[in-house]
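**Q** the following block contains a protein sequence and its predicted model.
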Number of protein chains: 2
Amino acid sequence: MSRWEPNARGRLEMAALELYAERGYDQTTVAAIAERAGLTERTFFRHFADKREVLFGSGMVLEELLVRSIAEAPVEASAYDVVAGALVEAAAVLQGRAPIATKRQAVIDAHHELRERELGKMSSWAAALVEALGERGVEPRLAGLVAQTGVAIFRVAFETWARAGATEDLADAVRTSFAELKAATG
Amino acid sequence: MSRWEPNARGRLEMAALELYAERGYDQTTVAAIAERAGLTERTFFRHFADKREVLFGSGMVLEELLVRSIAEAPVEASAYDVVAGALVEAAAVLQGRAPIATKRQAVIDAHHELRERELGKMSSWAAALVEALGERGVEPRLAGLVAQTGVAIFRVAFETWARAGATEDLADAVRTSFAELKAATG
């Protein structure tokens, strides 16, 4: 019999991240996560498909945000500026999840497969950006170049931020990185 | 009793790529690869640690080439140009392996884990570039930005080349991509 649990998703997420850090990701079971959160396994599976999705579930939401941002950008904006703007928006959303982000990054950094999965997620973002740029009439070759570059820039800024305790403003950091690359290629 | 086999490594590599394409990577055993190449399993293991290394063994050799190229670049060259130059050198080496590259890319594209492993290799290249740029006195933040961006640019050019049958000049394609990004950020 299921009942409404206040902020079940957030509690499960925090419990999972604590356990991944304490015991290691591989050693943590869904049962243990549910117990730590004071919830049932059944509640866990209403929110997440498995223990990996706790770490990567929000990636798809952000991917949709990126696509929408690119579709809504001014027609006259360059491909580079449009991608920069979309990733700054994503950064602003992640800023609101700062306490989670630091813990999450430490878990991912400690686990080879999770690091590769994280790279796979970024690759999926890049593919979504390419498609969204294509809709704007950006030629595929340039779209690929700008999308992959943009995601690389974002990742450097994001990881630096998360590993340093997520105390800076991530949106500012991403904005600055895009400006720095402009300067570096000038 | 081992004896010298002419071009054993190349024969094993080609046999492996054929079998990965025909049967799938997961379904291919080292025994089958050795048999197809007309060699023994023992010979296989003198050249490769396992069947995955057939696909990723040359990555480390290229990583060393990148680091050397950066160390030897003119002092006055910018971080961006130094990274571009190193990756153009790597591209020239890969150009000599064009028949392998196309087959290899098809195998990797068809297999989720191998794609993630390939991304991991690129990430290792980027880390090596950051360190090599650091030796030149490039500030870590800028080094990270240029290294990740450079690797992203290289990857787009490389995959486009390999998927299109590796008939173009890869070094030219990489050089052009770096110039195009300069133009896109301008």
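**A** Everything's here; your move. Worth saying up front: this structure is predicted, and the values here are computed from it rather than measured. Numbers count the residues shown, from 1 in each chain, chains lettered A, B, ... in the order given.
**Q** what's the pLDDT at residue A:1?
**A** On pLDDT, residue A:1 comes in at 42.
**Q** check contacts around the spatially most central residue of chain A.
**A** Here the mean C-alpha position of chain A is nearest to the C-alpha of residue A:59 (C-alpha atoms, centre = their mean), at a distance of 4.7 Å. By C-beta atoms under 8 Å, 6 or more residues apart in numbering or on different chains, residue A:59 lies in contact with A:121, A:124, A:125. Heads up, the C-betas are built off the backbone N, CA and C, glycines and all.
**Q** show the buried residues in these.
**A** Among those, those classed as buried by 16 or more other C-beta atoms under 10 Å in any protein chain shown are A:121, A:125.
**Q** would a markdown table of the contacts of residue A:59 with secondary structure be doable?
**A** A markdown table is the format used below for the contacts of residue A:59 (DSSP: H, G, I helix; E, B strand; the rest coil):
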| residue | secondary structure |
| --- | --- |
| A:121 | helix |
| A:124 | helix |
| A:125 | helix |
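**Q** need the contacts of residue A:59 in a markdown table (columns: distance to chain B).
**A** Shown next, in a markdown table, are these (distance: C-beta to the nearest C-beta, whole Å):
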| residue | distance to chain B |
| --- | --- |
| A:121 | 10 |
| A:124 | 11 |
| A:125 | 12 |
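**Q** show me the helices in chain A, by range?
**A** Counting by DSSP state H, one finds helices in chain A at the ranges A:8-23, A:30-37, A:41-47, A:53-56, A:58-72, A:79-95, A:98-109, A:112-135, A:140-163, A:170-185.
**Q** who in chain A is up against chain B?
**A** A:78-80, A:112, A:115-117, A:119-120, A:122-123, A:141-142, A:144-146, A:148-149, A:151-153, A:155-156, A:160, A:177, A:180-182, A:184-186 (C-beta under 8 Å from any C-beta of the partner chain).
**Q** if any of these are buried, put those into a PyMOL selection.
**A** To isolate the buried ones among these in PyMOL, judged by 16+ other C-beta under 10 Å, type:
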select buried, chain A and resi 79+80+115+116+117+119+120+122+123+142+144+145+146+148+149+151+152+153+155+156+160+177+180+181+182+184+185
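**Q** quick check: which ranges of chain A have low pLDDT?
**A** Within chain A, the stretches with pLDDT under 70 are A:1-4.
**Q** dump the residue contacts of residue A:150.
**A** A:80, A:83, A:84, A:86, A:87, A:126, A:129, A:178.
**Q** ok, which pair from those is furthest apart?
**A** In the contacts of residue A:150, the most distant members under the criterion C-beta to C-beta are A:126 and A:178, with 15.2 Å between them.
**Q** those two: which has the busier surroundings?
**A** Set residue A:126 next to residue A:178 and count neighbours by other C-beta atoms under 10 Å in any protein chain shown: residue A:126 wins out with 26 against 22.
**Q** ok, the more buried one - contacts?
**A** Contacts of residue A:126 by C-beta under 8 Å, 6+ apart are A:144, A:147, A:148, A:150, A:151.
**Q** now for the closest residue to residue A:73 other than its chain neighbours: which residues touch it?
**A** Nearest non-adjacent residue to residue A:73, counting by C-beta to C-beta, 6 or more residues apart in numbering or on different chains: residue A:82, 4.4 Å away. Residue A:82 makes contacts with A:70, A:73, A:133, A:136, as judged by C-beta under 8 Å, 6+ apart.
**Q** what does residue A:31 give?
**A** residue A:41.
**Q** next one: it from chain B, what distance?
**A** Using C-beta to the nearest C-beta, to the nearest Å, residue A:31 is found at 27 Å from chain B.
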